[in-house]
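J.: Got a predicted structure here, sequence first:
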Amino acid sequence: MSDDNGSVKLAVIENKGRALISSRPLMAGEIILKDSPILVYSAAPLASDANFCSHCFRKISPHSPATVSCPNCSSLSLFCSSQCQSISLSTSHTPFVCQALIRLSAAGSPILSHDHIRHVQARFLVSAYNLALVSPPNFQTILSLQGKPLIDDASIFLHSLISSVCDSPNLGQLGFSVELTSALLAKDEMNSFGLMAPFNPDNKERSVRAYGIYPRASFFNHDCLPNACRFDYVDSASNLTNTDIFVRVLHDVPAGREICLSYFPVNIKYSERQKRLKEDYGFTCVCDRCNVESTWSDHEDEMDGEDDDDDEDMDEDDGDVDGDVEETVNGGVVDEENDDFPHAYFFFKYMCGTEKCGGTLAPLPPSDVGPSTTMECHVCGNLSKCED
Ligand SMILES: C[S@@+](CC[C@H](N)C(=O)[O-])C[C@H]1O[C@@H](n2cnc3c(N)ncnc32)[C@H](O)[C@@H]1O
């Protein structure tokens, strides 16, 4: 596999599976992958009022003259324009989806007494089975992604729920079963990207508006000191491509190097990162940062600007980052004053300084004259001058 501009290719790495590696030297800020989702579904609780388009997930006002609703489920599904409505009625919001959402949201529906996470999983399953009916190749792509099925109480409950709300004689031909439902849930958990609502400094948590499955971006492995991060522009990008994601490298990368994202904000402490990666992704991280931090005591674990109470909250006062970095190699660090914290430079240069943000900074794409010195935060979107 190669992307549009030939910057990454698919490889297999021992103990990691498929991975994306640079096929040529990459310049800081370069867009190495632009990916469109094959499935996007809402992260909102069922039976809640929609305040974003059910197709493109752009924020909308229910009172805007352009806003239209679904002719069948009315306020359950609003669209930002008749164009989105028309596309959606034959793709993501077919009669199959509409009827399932009406039933799931009806008073007395068994899902309504469950946690938000089950609502979102139910939405995902309806969307995924709909995809199987409207785009079998994309459905097969989802099944080809990483993720081992686990038949547990949650998947048994969700399968029986979906059986009771989804009507289609064609589902049987797809192999509709609790095994398939469990497999889909595993693929979603392992591979979906959250499309975030805009950053609001008053909220501690940045809410996820929708989840998307991106067939090529799903091949990025995790590193606790990533060399790339992904950007989305759900509210600001032009209609119908606004759910695309863009992956940019943080710094220059030589050819043949694995390109990794961090699966969560980088300012999370070692034990929490290991726990999440094990529980949610099924692996033990042995990246360079984890190797260093595994030798730290619990006290030291909290010394790099991490906040125990809030993963998203970078407490700058706790940071060891003081700019005393002597030399850098490829985004790595040589800090002569602090051998125990070789990644100080990463936090200094690539960690967003906006309060309560926790985002990663990447340079804007390079121009003909060279790399940009403006950094963009992938969470709050703030632009700042590069600090060296
Ligand atoms: C989104 S997928 C990434 C692509 C995946 N390697 C594949 O073969 O499709 C996430 C999965 O990749 C593997 N993975 C990602 N980062 C890893 C790492 N740093 N070390 C070991 N395995 C990793 C884990 O199996 C994880 O559940």
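T.: Received the coordinates, thanks. Numbers count the residues shown, from 1 in each chain.

J.: for the ligand, what are the nearby residues on the stretch 101-250 of the chain?
T.: 146, 190-191, 218-219, 221-223 (Cβ under 6 Å from any ligand atom). All C-beta spots, glycine's among them, are computed from the backbone N, C-alpha and C.

J.: redo that, cut-off 5 Å
T.: 146, 191, 218-219, 221-222 (Cβ under 5 Å from any ligand atom).

J.: Just want the phi and psi numbers for the residue in the stretch 1-150 of the chain that the ligand sits nearest to.
T.: Going by Cβ to the nearest ligand atom, the ligand is nearest to residue 17 of the stretch 1-150 of the chain, at 2.8 Å. Note on residue 17: backbone dihedrals following degrees, to the nearest 10 are phi 80, psi -150.

J.: what's the closest non-adjacent residue to it?
T.: residue 146 (6.3 Å; Cβ to Cβ, 6 or more residues apart in numbering).

J.: Contacts only, for the one you found.
T.: Applying Cβ atoms under 8 Å, 6 or more residues apart in numbering, one finds that residue 146 lies in contact with 17-18, 187, 190-191, 218.

J.: could you redo the last one with a cut-off of 7 Å?
T.: 17, 190-191 (Cβ atoms under 7 Å, 6 or more residues apart in numbering).

J.: which of those residues tops the neighbour count?
T.: Among the contacts of residue 146, residue 191 has the most neighbours (other Cβ atoms under 10 Å), with 21 neighbours.

J.: That one contacts residue 213, doesn't it?
T.: Yes. Residue 191 is within contact range of residue 213, at 5.8 Å (criterion: Cβ atoms under 7 Å).

J.: give me the beta-bridge partners of the residue of the stretch 1-150 of the chain closest to the ligand?
T.: Counting by DSSP bridges, residue 17 is bridged to residue 13.

J.: ok, now how distant is it from residue 160?
T.: Distance of residue 17 to residue 160, computed by Cβ to Cβ, to the nearest Å: 32 Å.

J.: In strands, which of the residues of the stretch 101-250 of the chain next to the ligand fall?
T.: 221-222 (DSSP state E).

J.: Same list, the residues of the stretch 101-250 of the chain next to the ligand, but as CSV with pLDDT please.
T.: Listed next are these as CSV, based on pLDDT from 0 to 100:
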residue, pLDDT
146, 96
191, 97
218, 98
219, 98
221, 98
222, 98
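
J.: Just give me the neighbour total for the residue lying closest to residue 80 once chain neighbours are set aside.
T.: Spatially, and ignoring its direct neighbours in sequence, residue 80 is nearest to residue 53 (3.9 Å; Cβ to Cβ, 6+ apart). The local packing of residue 53 (other Cβ under 10 Å) involves 25 other residues.

J.: I'd assumed residue 83 was in contact with residue 53.
T.: No. Residue 53 is beyond contact range of residue 83, at 10.3 Å (criterion: Cβ under 7 Å).

J.: can you pull out the helices in the chain?
T.: 82-90, 95-105, 116-134, 136-144, 153-165, 178-191, 270-281, 288-293, 298-301, 344-350 (DSSP state H).

J.: Any idea which of these gets closest to residue 199?
T.: Judged by Cβ to Cβ, the one of the helices of the chain that comes nearest to residue 199 is helix 344-350, at 17.1 Å.

J.: Would you mind putting the CA coordinates of that closest one into CSV?
T.: What follows is helix 344-350, C-alpha atoms only, in CSV (Å, rounded to 0.1, in the frame of the first residue of the first chain):
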residue,chain,number,x,y,z
ALA,A,344,12.2,16.3,28.0
TYR,A,345,12.8,17.9,24.7
PHE,A,346,9.7,16.2,23.2
PHE,A,347,7.5,17.8,25.9
PHE,A,348,9.3,21.1,25.5
LYS,A,349,8.8,21.3,21.8
TYR,A,350,5.7,19.2,21.0
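
J.: ok, back up a step: please tell me how far the residue nearest to residue 17 sits from residue 162.
T.: Going from residue 146 to residue 162 by Cβ to Cβ gives 23 Å.

J.: With residue 13 instead?
T.: 36 Å.

J.: which of the two has more neighbours?
T.: residue 162 (23 against 12).

J.: How about the more buried one, nearest residue that isn't a chain neighbour?
T.: Closest to residue 162 by Cβ to Cβ, 6+ apart is residue 125, at 5.0 Å.

J.: Residue 44 too?
T.: In space, residue 44 is closest to residue 50, 6.8 Å off (Cβ to Cβ, 6+ apart).

J.: can I assume that neighbour is in contact with residue 80?
T.: No. Checked against Cβ under 7 Å, the pair residue 50 and residue 80 is beyond contact range at 10.6 Å.

J.: Could you check which of those two is surrounded by more residues?
T.: Comparing residue 50 with residue 80 by other Cβ under 10 Å, the one with more neighbours is residue 80, at 23 against 19.

J.: Thank you, goodbye.
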